[in-house]
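Visitor: the sequence isn't on hand, but the structure is:
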């Protein structure tokens with residue numbers, strides 16, 4: 001029986017940033033799960049040092065003068081080694097941020113068309129269908145925070161702009177019952193996760209302050225700037241890019257339900273799709289999941305990273 005979309009759960013797969021504000025915002029980003037005035041930059045493809053592929057999933061791109069141009073998310077391609085009599089398997093790990101420019105989601109929708117199967121995250125009962133234009137509900141505190149972030153930064157919400165009804169979309173996540181049962185078995189709680197994230201965030205901010213950065217001051221100045229949405233995006237983008245690596249502590253075999261167990265569930269679905277004969281696949285998950293997921297693709301699937309593409313998620317250029 002088809003389950004109503006309202007039953008899915010949303011919280012964060014990304015670390016906190018800039019104190020309580022961004023910690024709350026990113027705790028509210030989907031775990032499951034204004035048009036720029038200047039033309040969006042094209043996606044940047046590069047074949048990087050394979051030793052470094054998979055070590056960075058979010059970055060702030062700057063021009064020659066050091067002015068932020070965009071917050072970007074990575075698409076990293078993993079590929080099987082050539083083997084006689086066996087097809088080459090390609091898996092793209094596609095980093096998601098759950099609020100972004102409309103141009104970002106337009107590019108992603110086109111990207112998704114190329115895959116035999118596109119696996120996506122959403123903690124939801126089996127059979128849940130996300131209808132086009134689905135909005136995060138303000139009746140839920142986390143949805144309200146997501147909508148607040150969308151409005152404050154003049155961005156769009158992933159659930160509203162990604163078409164999850166496409167035939168090649170495959171749900172690859174836990175159900176709410178599985179999620180909460182795993183948390184119970186691990187003796188985890190949202191409060192523990194929040195304070196764990198916050199502690200890491202504070203340590204990171206202290207390290208940045210020691211190097212002369214002033215993230216809290218930057219945020220306060222942005223709140224009163226004439227171009228407030230852009231300045232806020234710049235302040236938050238820098239922090240998020242710096243602290244994305246903090247979620248590696250939530251991965252690994254002893255990691256967490258938030259990352260480890262959900263990644264295991266996703267890759268079980270990936271294995272099923274490969275066994276069914278699919279050879280070109282995408283995995284669309286929050287960027288904080290992909291460090292752990294990439295390691296599992298190498299260890300358990302024998303895939304190697306071969307190519308990197310950057311997409312502009314937030315346009316940070318002056319209008």
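Guide: The structure has been received and is ready for your questions. Computed from a prediction, not measured in an experiment: that's the story for all the values here.

Visitor: which residues touch residue 273?
Guide: Residue 273 is in contact with 116, 117, 119, 170, 281, counting by CB atoms under 8 Å, 6 or more residues apart in numbering. From N, CA and C alone the C-beta is placed, and that goes for glycine too.

Visitor: helix/strand/coil for the fourth one?
Guide: Taking DSSP: H, G, I helix; E, B strand; the rest coil as the rule, one finds residue 170 in the strand state.

Visitor: can you name the two of the contacts of residue 273 that are farthest apart?
Guide: For the contacts of residue 273, the farthest-apart pair by CB to CB is 116 and 119; their separation is 10.8 Å.

Visitor: the more surrounded of those two?
Guide: residue 119 (23 against 16; other CB atoms under 10 Å).

Visitor: partner residues bridging the more buried one?
Guide: Beta bridges link residue 119 to residue 170, residue 283, judged by DSSP bridges.

Visitor: where's it relative to residue 240, distance?
Guide: 24 Å (CB to CB, to the nearest Å).

Visitor: just residue 229 next, same as before
Guide: Computed as CB to CB, the residue 229 to residue 240 distance reads 16 Å.

Visitor: which one of these two is surrounded by more residues?
Guide: Neighbours per residue, other CB under 10 Å: of residue 229 and residue 240, the larger number sits with residue 240, 26 against 16.

Visitor: hang on, isn't that one packed against residue 71?
Guide: Yes - look at residue 240 against residue 71 with CB atoms under 8 Å: they come within range, at 7.2 Å.

Visitor: which residues do those two both contact?
Guide: The contact sets of residue 240 and residue 71 overlap at 58, 97 (CB under 8 Å, 6+ apart).

Visitor: any stretches of the stretch 51-200 of the chain with poor pLDDT?
Guide: Within the stretch 51-200 of the chain, the stretches with pLDDT under 70 are 51, 135-149, 151, 196, 199-200.

Visitor: can you give me the helices in it?
Guide: 102-112, 141-153, 158-161, 176-185, 190-210 (DSSP state H, counting those that start in this stretch).

Visitor: do the same with the stretch 201-319 of the chain
Guide: Under the criterion DSSP H, counting those that start in this stretch, helices of the stretch 201-319 of the chain are mapped to 215-223, 228-243, 262-275, 290-301.

Visitor: tell me which of the ones you listed lies nearest to residue 100.
Guide: Using CB to CB, the nearest of those to residue 100 is helix 228-243, at 10.2 Å.

Visitor: in the closest one, what's buried?
Guide: Buried residues in helix 228-243, counted by 16 or more other CB atoms under 10 Å: 229-243.

Visitor: for residue 74, list each beta-bridge partner.
Guide: Beta-bridge pairing of residue 74 under DSSP bridges involves residue 310.

Visitor: and it, what does it touch?
Guide: Taking CB under 8 Å, 6+ apart as the criterion, residue 74 is in contact with 56, 57, 58, 59, 93, 95, 287, 290, 308, 309, 310, 311.

Visitor: same question, residue 161
Guide: 102, 105, 106, 109.

Visitor: give me that answer again for 6 Å
Guide: The contact partners of residue 161, by CB atoms under 6 Å, 6 or more residues apart in numbering, come to residue 105.

Visitor: circling back: the helices of the stretch 201-319 of the chain: which one's closest to residue 188?
Guide: Closest among those, once you apply CB to CB, is helix 262-275, at 12.5 Å.

Visitor: okay, angle between that closest one and helix 290-301 too, please.
Guide: 40 degrees (axes from the mean of the first three to the mean of the last three CA atoms, to 10 degrees).

Visitor: list the contacts of residue 119.
Guide: Contacts of residue 119 by CB under 6 Å, 6+ apart are 170, 172, 269, 283.

Visitor: mind redoing it with 10 Å?
Guide: 91, 94, 168-173, 266-267, 269-270, 273, 281-285 (CB atoms under 10 Å, 6 or more residues apart in numbering).

Visitor: cool, residue 170 as well?
Guide: By CB under 10 Å, 6+ apart, residue 170 lies in contact with 115-120, 266, 269-270, 272-273, 278, 281-283.
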